[in-house]
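> Take this sequence and fold it.
(chains A and B)
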Amino acid sequence: MSSSDVTTSPQETGAGHTDAVRLDSVVHRYGRGGETFTAVGPVDLTVPAGEFLVLVGASGCGKSTLLRLVAGFERPAHGSVRVHGAEPRPGATAGVVFQTPRLFPWRTVRGNIDLALRYAGVERARRPEKRRELLDRVGLAGVEGRRVWEISGGQQQRVAIARALAAENPLLLLDEPFAALDALTRERLQEDVRQVTARTGRTTVFVTHSADEAVFLGSRIIVLTRSPGTVALDLPIPLPRDGVDAEELRNSAEFAELRARVSHAVKTAAA
Amino acid sequence: MSTTPPLSKPSPTGPHADVPPAPSFRVRRLWARTRPVLLPSASLLVFLLLWQLLAASGTWSETLVPPPAKVWDAFADVSTMHDGVRGYNGTYLVEHLGISLRRIGIGAGLGIAAGVVFGLLMGTVGWLRALFEPWITFLRTLPPLAYFSLLVIWLGINEEPKITLLAVAAFPPVAVSTTTAVAAVPRSLTEAARALGASRWNVITDVVVPSALPETLTGVRLAVGVAYSSLVAAELVNGLPGIGGMVKDAANYNNTPVVLVGIITIGVSGLIIDGLLLRLERAVVPWRGRA
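Residues are numbered from 1 along each chain as shown, chains lettered A, B, ... in the order given. Alright, predicted model coming up:
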């Protein structure tokens, strides 16, 4: 079923020449009949494979809606959304990390990861090994047997990321995943996400309202205007992505300049 | 008032001295630990005392309000062999209770199973809910006695109408609570499962069912309670042996002590069963109220 063809599509994992995501004059409206509200659009956007795209904008600008369209949870009113050339389907096209961890409280940390591995078609015997690998990748150890409410918010979000990576989808979507965390945890998770994606070469679309987070994580930044969201700024981030000290990067002049630029664009776009 | 007190006088019982807790503290802790047992026992004692006083005052005849001792004797009589008679009507009290519990087990079990199935269907399929909900509400508002006569006409006077009555009584609470819980499954969790590649069926078994389980178990406790309170009604006709039948039969002969023994037995066993169900609930759904 849907879970089996998830695993058998690693052809575009690496940075190829194909577009991972392609949006053609996409418009999305909420509501029906006379009471509709245009949340997004029109938006044209292509995300090449291997890119780390960050969508930035003030709250309510439709950036989460855009992500939901790419995940396949919503269908556009106009235009088309294509992920690796096909219509997106939840569970088949992308791993998704939400704003809150959305873990299943009736399962332990182990149970949550194993469920994701089961849906991804990983056979039972190989799950413990894969599970440890995933937890290792998100920097979690020794919490496998814990109930999800027994671990901290940051650890919960790490489990959610591990879970989203289970299917080995070439595309990873994150919707303000660190918004509810304290500053220290947030910075550490940002560094880890930057590493994980740099190492696996996954295409990533990350939604945030923080210019700082956008510049630190993204290889390209899209600033959206106020609702209905359209592209206000499309900015490549030429910062080094591998083998660089996070602290050094955050304190560099280039970083500060880019952050100021994005921050300014967000404020202008929201006005 | 003439001299100032010395500034520092090291006290042997300073804050860092290793002294046992003050007696008042120990008493308080003892009280906290024994309170759950002490308070109910005390209230029981007061109740027995009032009962004894009331019975001894002679306001009502002994047939209406027998003293505690009389009821205790009746309890001993129905639990043992006495004057060549075995318990009550040839059956010991525990056997009466056991037969009734078996009826409740089968009847409420069937009702609960049907309630879970209907709840899952009604909670997931909108038009099924619209179709069945009025009927279940109708059924829920009926007192069991109202449909018992009908069940006797249809099913005779043996086990069938009794078990059916208990099943019908136990069905609505489970159906209603499961329906509500299934309909209220957080979309955030079903969406998260779908994002991981869950099929529709996976979502039902891995998210909807466990998410609804705490509410369903509350419904089960309610259902067992309703079945218990319908027991005497279920055993109104041809209920012997059976604890409800015993109460009904003893009432026919104005045998108040045995009626009271039956009522107390039903009440106490009901309390024990509810306690067991509560423990089961805590063991099965430890995440209740956590997410």
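> From here on, just use CA atoms for contacts and neighbour counts.
Fine.
> interface residues of the stretch 151-291 of chain B facing chain A?
Contact residues, the stretch 151-291 of chain B versus chain A (Cα under 8 Å from any Cα of the partner chain): B:188-189, B:192, B:194-199, B:207, B:210-211, B:285-287, B:290-291.
> hmm, which of those are the buried ones?
B:189, B:192, B:194-199, B:207, B:210-211, B:285, B:287 (16 or more other Cα atoms under 10 Å in any protein chain shown).
> one step back: give me the subset of the residues of the stretch 151-291 of chain B next to chain A lying in helices.
B:188-189, B:192, B:194-195, B:210-211 (DSSP state H).
> if you skip the residues just before and after it, what's nearest to the residue in the stretch 51-200 of chain A positioned nearest to chain B?
Closest residue of the stretch 51-200 of chain A to chain B, Cα to the nearest Cα: residue A:91 (3.6 Å). The spatially closest residue to residue A:91, leaving aside those adjacent along the chain, is residue B:197, at 3.6 Å (Cα to Cα, 6 or more residues apart in numbering or on different chains).
> ok, now which ones touch residue 75?
Reading this off chain A. If you count contacts by Cα atoms under 8 Å, 6 or more residues apart in numbering or on different chains, residue A:75 has them with A:28, A:69.
> Hmm, no, I was thinking of chain B.
B:258, B:261.
> wait, is it part of a strand?
No: applying DSSP: H, G, I helix; E, B strand; the rest coil, one finds residue B:75 to be helix, outside a strand.
> Look up how far chain A lies from it.
46 Å (Cα to the nearest Cα, to the nearest Å).
> pLDDT value on residue B:38, please?
The pLDDT attached to residue B:38 in the predicted structure is 89.
> and it, how many neighbours?
When neighbours are counted by other Cα atoms under 10 Å in any protein chain shown, residue B:38 registers 13.
> secondary structure element for it?
Element membership for residue B:38, per DSSP states H and E: helix B:23-57.
> from the chain's centre, how far out does that helix sit?
23 Å (Cα atoms, centre = their mean, to the nearest Å).
> One more: stretch A:110-117?
Per Cα atoms, centre = their mean, the displacement of stretch A:110-117 from the mean C-alpha position of its chain is 20 Å.
> roughly how far apart are the residue in chain B positioned nearest to chain A and residue A:256?
Nearest residue of chain B to chain A (Cα to the nearest Cα) works out as residue B:197 at 3.6 Å. Between residue B:197 and residue A:256 the computed distance is 40 Å (Cα to Cα, to the nearest Å).
> contact partners of the helix or strand where residue B:150 lies?
Here residue B:150 sits within helix B:144-155, counting by DSSP H and E. Helix B:144-155 has contacts (Cα under 8 Å, 6+ apart) with B:161, B:164-165, B:169, B:230, B:233-234.
> Downstream of that helix, the next helix or strand is which one?
As the chain continues past helix B:144-155, the following element, by DSSP H and E, is helix B:159-183.
> elements contacting that following helix?
In terms of contacts (3 or more Cα pairs under 8 Å, 6 or more residues apart in numbering or on different chains; DSSP states H and E), helix B:159-183 is packed against helix B:93-124, helix B:126-141, helix B:144-155, helix B:209-229, helix B:231-234.
> Now that helix: buried residues?
Across helix B:159-183, burial judged by 16+ other Cα under 10 Å covers B:161-183.
> do the same with stretch B:260-275
So stretch B:260-275, judged by 16+ other Cα under 10 Å, has buried residues B:260-263, B:265-266, B:270, B:274.
> what's the angle from the one helix or strand residue B:267 maps to to helix B:93-124?
Residue B:267 belongs to helix B:256-284 when assigned by DSSP H and E. Comparing the axes of helix B:256-284 and helix B:93-124 via axes from the mean of the first three to the mean of the last three Cα atoms, to 10 degrees yields an angle of 40 degrees.
> What mean pLDDT does helix B:256-284 get?
In the prediction, helix B:256-284 has an average pLDDT of 92.
> Any idea how far it is from the middle of the chain?
6 Å.
> same for that helix, what does it pack against?
Using 3+ Cα pairs under 8 Å, 6+ apart, helix B:256-284 is in contact with helix B:68-79, helix B:209-229, helix B:243-252.
> Run through who's touching the longest one.
Outside of helix B:209-229, the residues within contact range by Cα under 8 Å, 6+ apart are A:106, B:104, B:108, B:112, B:116, B:166-167, B:169-178, B:181-182, B:185, B:266, B:270, B:274, B:277-278, B:281, B:285, B:288.
> just stretch B:109-123 next, same as before
B:128-129, B:132, B:166-183, B:216, B:220, B:223.
> can you do 6 Å?
B:128-129, B:167, B:170-171, B:174-175, B:178-179, B:182-183 (Cα atoms under 6 Å, 6 or more residues apart in numbering or on different chains).
> unless I'm mixing things up, residue A:38 is touching residue A:32, no?
No: checked against Cα atoms under 6 Å, the pair residue A:38 and residue A:32 is beyond contact range at 11.0 Å.
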